[in-house]
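> Take a look and give me a structure for this.
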Amino acid sequence: MTTAAPNPPWWTSAVVYQIYPRSFADSNGDGLGDLRGVLAHVDHLAELGVGAVWFSPLYRSPQQDNGYDISDYTDIDPRFGTLADFDEVLAALHDRGIRVVMDLVVNHTSDEHPWFAEARSAKDSPLRDWYWWRPARPGRRPGDPGAEPTNWRSFFSGPAWTLDQTTGEYYLHLFGTKQPDLNWENPAVRRAVYQVMRWWLQRGVDGFRMDVINLISKDVAADGSLPDGAVGPDGLGDGTPVFTGGPRLHEYLQEMHREVFADYADRLLLVGECLGATVDDARLITDRGRSELDMIFTFEHMVLDHGPGGKYDPVPLRLPELKATMNRWQQGLAEVGWNSLYWENHDQPRVVSRWGDDARYRRESATAWATVLHLHRGTPYVYQGEELGMTNAGFTRLDQFRDIEALNHAQAVLDGGATEAEVVVALSPLGRDNGRTPMQWDARPNAGFSSGEPWIEVNPNHQTVNAAAERADPHSVFHHYRRLIALRAADPVVQFGDVTMLLPEHPTLYALVRRLGDAVVLMVANLSGADQQVSLDPAFGDTADLVLGNYDRAAGCTLSELTLRPWEAVVLRPAPLPPTSPSSAAGSNDFHSRR
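Below you'll find the model as predicted:
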């Protein structure tokens with residue numbers, strides 16, 4: 001097998017596992033997950049074979065947005081434990097060869113952070129300029145409807161400005177009212193953020209996932225003004241052209257790298273969540289020659305089933321659209337940059353419920369979608385419970401929901417005349433709470449997550465869908481994920497091979513070929529509940545060895561007679577292909593030489 005360049009970054013062959021701490025495991029019976037709960041399950045992660053764990057925020061926080069509103073960057077929230085607990089978990093994971101990535105939220109803080117408390121104390125406060133403050137719109141009194149400095153809409157519904165009664169000015173919050181945006185135009189803010197980063201790196205963490213990092217630069221005019229946005233049906237404006245990928249973003253990221261990350265060489269994983277980012281944006285941010293970040297989270301593939309009314313107006317996924325989107329990112333970052341690969345996280349529903357069949361074919365559709373994802377080029381991310389085939393919450397009442405985004409939306413549409421039943425139907429398919437129900441460890445009450453009442457209801461199907469059952473069944477979703485992770489760790493073709501999409505317009509088959517030198521891997525998945533006959537180019541030959549599949553199948557396959565059962569996915573190794581084959585994409589696949 002052809003090998004890749006020597007000593008590529010560790011994350012090119014690793015799979016990252018995301019832990020949402022409040023829902024992972026509760027050690028003290030208060031109904032909230034904690035660090036000692038994580039400590040009790042590190043061997044689950046080791047058996048799965050992941051190379052890194054990404055922790056959603058563990059910092060002190062009022063928890064208005066479940067920790068994405070930070071009040072102290074250098075301490076652990078007591079709900080989750082102590083710094084000593086964190087150090088113990090860090091050591092336990094490192095002992096098992098698992099790196100640790102911290103979620104870092106530096107576009108905004110909590111309004112209870114000491115920085116903001118000082119900033120709001122007086123207009124002449126030395127920290128006033130650490131946040132975005134503006135007076136009421138000219139000719140309007142503070143607090144009057146429409147008096148906000150701009151008409152921008154918050155990502156969590158309602159205006160993006162809130163009046164502070166202490167000084168009579170408005171502060172900007174692109175998210176919740178308790179999440180004021182930091183002013184990155186101020187170099188003192190940047191120095192304070194870099195100091196926080198150094199503090200955690202010196203403690204031994206191995207990188208950061210940076211929340212909405214491409215919002216840190218706002219396109220502010222020379223006189224300090226910010227423009228209105230195009231008005232939507234709710235009467236509020238779209239400010240994203242002003243604050244998404246702003247004019248100083250790359251300057252800030254390069255400064256961050258120079259001031260903090262340059263001393264750590266290839267030890268770190270640096271991934272940025274980038275709302276609205278394009279392939280061209282990603283090429284700039286992840287080009288190693290530019291010294292910014294290693295990869296970004298894109299959202300293009302995650303909005304394909306959003307209807308005209310957004311995520312709470314879902315439409316069926318069209319598979320050719322997903323393939324086209326994934327392929328555009330695969331080809332766009334083939335020579336410069338690197339992809340992050342995911343179907344699920346704390347902001348997304350469960351893929352088996354979203355695009356699979358969580359009733360009749362739960363195991364098969366969960367493993368099919370896993371196979372599709374992991375056979376692309378990039379670093380895959382597994383969200384807690386995804387490896388068990390956990391499903392959506394199935395909530396039927398509004399009081400079961402906890403997410404601030406969902407509840408704000410619910411209130412807005414209820415005020416507009418919708419019924420509670422209509423709201424629940426809208427929230428249920430794609431709401432963020434679907435990914436936040438407690439981890440299902442076993443069939444005991446509360447799924448073995450907690451001896452107390454969980455902060456959010458446990459999915460009733462935990463009696464059959466749980467880690468104990470999955471680990472005991474060699475054909476389970478868990479063991480399929482384990483085999484996928486092992487394949488990526490061992491096979492340079494899966495790590496670095498070129499990607500060529502096959503059957504791009506087929507409505508139910510997802511097929512691609514990976515090639516590195518003369519070595520070839522072929523992946524075909526039937527993403528439907530009916531048998532599908534596969535017709536491939538004869539250049540692939542007629543026989544292939546089965547590398548991995550989610551059904552029992554003979555070790556050798558006859559490609560001309562390949563029929564896939566409902567939700568069946570196969571990874572095959574055909575004979576080496578000639579240069580004129582369908583997968584003969586150019587490129588050295590030498591990670592370092594391309595940078």
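
> Can you mark which positions in the lengthiest helix in the chain are buried?
The residue-count maximum for a helix in the chain (DSSP state H) belongs to helix 187-203. Neighbour counts over helix 187-203 (16 or more other CB atoms under 10 Å) mark 189-190, 192-194, 196-197, 200-201 as buried. From N, CA and C alone the C-beta is placed, and that goes for glycine too.

> Show me what it is packed up against.
If contacts are counted by 3 or more CB pairs under 8 Å, 6 or more residues apart in numbering; DSSP states H and E, helix 187-203 sits against strand 72-76, strand 99-104, helix 249-256.

> redo that, cut-off 10 Å
strand 72-76, helix 83-95, strand 99-104, strand 207-210, helix 249-256 (3 or more CB pairs under 10 Å, 6 or more residues apart in numbering; DSSP states H and E).

> Would you mind finding the most buried of these?
Ranked by average neighbour count under the criterion mean count of other CB atoms under 10 Å, these are headed by strand 207-210 at a mean of 26.

> so how far is His376 from Ala84?
Taking CB to CB, to the nearest Å as the measure, Ala84 falls 40 Å from His376.

> before we move on, what about Pro504?
Distance from Pro504 to His376, by CB to CB: 14 Å.

> can you check Ser225 too?
Taking CB to CB, one finds Ser225 at 43 Å from His376.

> Please apply the same query to Asn345.
Distance from Asn345 to His376, by CB to CB: 17 Å.

> Ok, Gly272 next?
19 Å.

> out of these two, which sits in the busier spot?
Gly272 (26 against 19; other CB atoms under 10 Å).

> What is the three-state secondary structure of that one?
strand (DSSP: H, G, I helix; E, B strand; the rest coil).

> ok, now Val520?
Reduced to three states by three-state DSSP, Val520 is strand.

> Report the beta-bridge partners for it.
Beta bridges link Val520 to Arg515 when assigned by DSSP bridges.

> Does it touch Ala575 like I think?
Yes - assessed by CB atoms under 10 Å, Val520 is found in contact with Ala575 at 7.8 Å.

> If you count contacts, what does the lowest-mean-pLDDT helix or strand in the chain end up packed against?
The weakest-scoring helix or strand in the chain, judged by mean pLDDT, DSSP states H and E, is strand 556-558 (a mean of 87). Applying 3+ CB pairs under 10 Å, 6+ apart, one finds that strand 556-558 contacts strand 543-549, strand 569-574.

> what's the closest of those to Ser121?
strand 569-574 (58.3 Å; CB to CB).

> So what's the gap between that closest one and the chain middle?
27 Å (CA atoms, centre = their mean, to the nearest Å).

> I'd like to know the average pLDDT value across it.
Strand 569-574 shows a mean pLDDT of 96.

> Just the angle for it relative to strand 543-549, thanks.
140 degrees (axes from the mean of the first three to the mean of the last three CA atoms, to 10 degrees).

> would you list the helices and strands packed on helix 187-203 in TSV and tack on mean pLDDT and distance to Leu182?
What follows is the helices and strands packed on helix 187-203, written out as TSV (pLDDT from 0 to 100; distance: least, CB to CB, whole Å):
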stretch	mean pLDDT	distance to Leu182
strand 72-76	98	11
helix 83-95	98	24
strand 99-104	98	12
strand 207-210	98	13
helix 249-256	98	11
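
> Of the ones you listed, which is nearest Arg402?
Going by CB to CB, the one of the helices and strands packed on helix 187-203 nearest Arg402 is strand 99-104, 18.5 Å.

> follow-up on the earlier one: with respect to Phe24, which of the buried residues of helix 187-203 is nearest?
Using CB to CB, the buried residues of helix 187-203 come closest to Phe24 at Trp200, 19.8 Å.

> Go ahead and confirm that closest one touches Val100.
Yes - assessed by CB under 10 Å, Trp200 is found in contact with Val100 at 9.5 Å.

> what residues are shared contacts of these two?
By CB atoms under 10 Å, 6 or more residues apart in numbering, Trp200 and Val100 have these common neighbours: 86, 206-207.

> what's the helix or strand for the closest residue to Asp473 other than its chain neighbours?
Closest residue in space to Asp473, ignoring its immediate chain neighbours: His479 at 7.2 Å, by CB to CB, 6 or more residues apart in numbering. According to DSSP states H and E, His479 maps onto helix 477-490.

> now the angle from that helix to strand 569-574?
Using the same axes, to 10 degrees, helix 477-490 lies at 30 degrees relative to strand 569-574.

> elements contacting the next helix or strand after helix 477-490?
Going down the chain from helix 477-490, the next helix or strand is helix 492-496, by DSSP H and E. For helix 492-496, the packing partners by 3+ CB pairs under 10 Å, 6+ apart come out as helix 477-490, strand 509-516, strand 519-526.

> out of the ones you listed, nearest to Leu564?
Closest to Leu564 of the helices and strands packed on helix 492-496, according to CB to CB: strand 519-526, at 3.8 Å.

> tell me the secondary structure for the residue of the chain most remote from its centre?
Here the centre of the chain is the reference, and by CA atoms, centre = their mean the most remote residue is Gly139, at 42.9 Å. For Gly139, the assignment made with three-state DSSP gives coil.

> Low-confidence regions, the stretch 451-595 of the chain specifically.
By pLDDT under 70, the weakly predicted segments of the stretch 451-595 of the chain are 577-595.

> just to revisit the earlier point, and the helix holding His479, what's buried?
477-485, 487-488.

> Adding distance to Ala91, write those out as a markdown table.
Putting the buried residues of helix 477-490 into a markdown table (distance: CB to CB, whole Å) gives the following:
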| residue | distance to Ala91 |
| --- | --- |
| Val477 | 30 |
| Phe478 | 25 |
| His479 | 28 |
| His480 | 30 |
| Tyr481 | 25 |
| Arg482 | 24 |
| Arg483 | 28 |
| Leu484 | 28 |
| Ile485 | 23 |
| Leu487 | 29 |
| Arg488 | 26 |
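
> check which helix or strand covers Asp313.
Element membership of Asp313, judged by DSSP H and E, is strand 310-314.

> List of residues touching that strand?
By CB under 10 Å, 6+ apart, strand 310-314 touches 302-303, 305-307, 347-349, 354, 405-406, 409-410, 413, 423, 425-432.

> CA atoms only for the longest helix of the chain, dumped as PDB, please.
Listed next in PDB are the C-alpha coordinates belonging to helix 187-203 (Å, rounded to 0.1, in the frame of the first residue of the first chain):
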ATOM      1  CA  PRO A 187      -6.100  44.800  21.300                       C
ATOM      2  CA  ALA A 188      -6.500  44.400  25.000                       C
ATOM      3  CA  VAL A 189      -9.400  42.000  24.400                       C
ATOM      4  CA  ARG A 190      -7.200  39.900  22.100                       C
ATOM      5  CA  ARG A 191      -4.400  39.900  24.600                       C
ATOM      6  CA  ALA A 192      -6.800  38.700  27.300                       C
ATOM      7  CA  VAL A 193      -8.100  35.900  25.100                       C
ATOM      8  CA  TYR A 194      -4.600  34.800  24.200                       C
ATOM      9  CA  GLN A 195      -3.700  34.600  27.900                       C
ATOM     10  CA  VAL A 196      -6.700  32.300  28.500                       C
ATOM     11  CA  MET A 197      -5.500  30.000  25.600                       C
ATOM     12  CA  ARG A 198      -2.000  29.800  27.000                       C
ATOM     13  CA  TRP A 199      -3.300  29.000  30.400                       C
ATOM     14  CA  TRP A 200      -5.200  25.900  29.200                       C
ATOM     15  CA  LEU A 201      -2.300  24.800  26.900                       C
ATOM     16  CA  GLN A 202       0.100  25.000  29.800                       C
ATOM     17  CA  ARG A 203      -2.300  22.900  31.800                       C
END
